[in-house]
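Engineer: need a 3D model of the sequence below.
(one chain, ligands or ions: 1)
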Amino acid sequence: MVSAPDRRQYAPATERNRDPILEVLRQVLPPQGTILEVASGTGQHCVYFASALAPRRWLPSEVEPELQASIVAWQTRHPTPNLMAPIALDAGDRPWSIETGTLPPNCTAADLEAEPISTIVAINLIHIAPWSVGLGLLAGASRLLPPDGILYLYGPFIEPGKPLAPSNLAFHESLQFRNPAWGLRDLNVVEAAAAAEGLKLQRVAPMSANNLSVIFKK
Ligand SMILES: C[S@@+](CC[C@H](N)C(=O)[O-])C[C@H]1O[C@@H](n2cnc3c(N)ncnc32)[C@H](O)[C@@H]1O
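Structural biologist: Purely as a prediction, here's the structure:
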């Protein structure tokens, strides 16, 4: 008998950053509701965060089909009742797929009505995508989040008045080499674009390896 291929992908950074991120999420998340994760990547984060943050419901999403398959594969090995199957979602789209009826098989519109989206999480997305995707993320968060809803961003940023750490400067240059539309975002620019969408900067928390947790409230 031929066994099915293991479609799990691995991103080593997720194992280094998941506990510090979880600590901040515990401080800022509402006690209930659905957390929509944009750009879930391999799926390692969502299986870890969903079980740690129950009873909140965790809804992962990804734009890349191979990564959607990886998320499903991680979920198969770590089944968690409050973890939904991933949906296809491009943060740059307007509207988002979830707004036009795309739901995972284990979550109905009634489920989502009972546990509405209270938080949107995007880890290591906006510097590895064109700024139009960052703007799409802020606009989508503004459309979907209720008053007091949380948008949580994690990643390296350019902070006003602070020289970039050498590792972040090298990372920025390598991103721009791969794609000139990519690169670390200026926190002031992100804050202004968020404010234009009705999202107020709540907190900036320094994280390991010169990353930040950046938290906005609707
Ligand atoms: C560096 S990975 C981070 C993945 C995961 N959040 C993590 O921390 O491991 C960047 C992710 O952004 C996703 N991505 C890129 N463009 C996107 C878009 N327009 N909408 C949604 N996700 C996107 C990629 O597919 C990839 O999974």
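
Engineer: give me phi/psi at residue 35?
Structural biologist: Torsion angles at residue 35 (phi, psi; degrees, to the nearest 10) stand at phi -100, psi 120.

Engineer: what number of residues lie near the closest residue in space to it that isn't next to it in sequence?
Structural biologist: In space, and not counting its chain neighbours, residue 35 is closest to residue 119: 4.5 Å by C-beta to C-beta, 6 or more residues apart in numbering. The C-beta positions use only the backbone N, C-alpha and C, and glycine is treated the same way. When neighbours are counted by other C-beta atoms under 10 Å, residue 119 registers 24.

Engineer: go on, residue 55?
Structural biologist: Using other C-beta under 10 Å, residue 55 has 10 other residues around it.

Engineer: for it, which residues are in contact?
Structural biologist: 32, 82 (C-beta atoms under 8 Å, 6 or more residues apart in numbering).

Engineer: need the residue closest to the centroid of this structure.
Structural biologist: residue 122 (1.9 Å; C-alpha atoms, centre = their mean).

Engineer: and for that one, nearest residue in space, chain neighbours not counted?
Structural biologist: Nearest residue to residue 122, sequence neighbours excluded (C-beta to C-beta, 6+ apart): residue 38, at 4.4 Å.

Engineer: I'd assumed residue 83 was in contact with residue 58.
Structural biologist: Yes. With the criterion set as C-beta atoms under 8 Å, residue 58 and residue 83 qualify as a contacting pair; they are 5.1 Å apart.

Engineer: which residues are in contact with each of the two?
Structural biologist: Counting by C-beta under 8 Å, 6+ apart, the residues touching both residue 58 and residue 83 are 46, 50.

Engineer: surely residue 104 forms part of a strand?
Structural biologist: No. When DSSP: H, G, I helix; E, B strand; the rest coil is applied, residue 104 is found to be coil, with no strand at that position.

Engineer: buried stuff in the lowest-mean-pLDDT helix or strand in the chain?
Structural biologist: Comparing helices and strands within the chain by mean pLDDT, DSSP states H and E singles out helix 109-114 as the least confident, with a mean of 92. Taking 16 or more other C-beta atoms under 10 Å as the neighbour-count basis, helix 109-114 is seen to contain the buried residues 111, 112.
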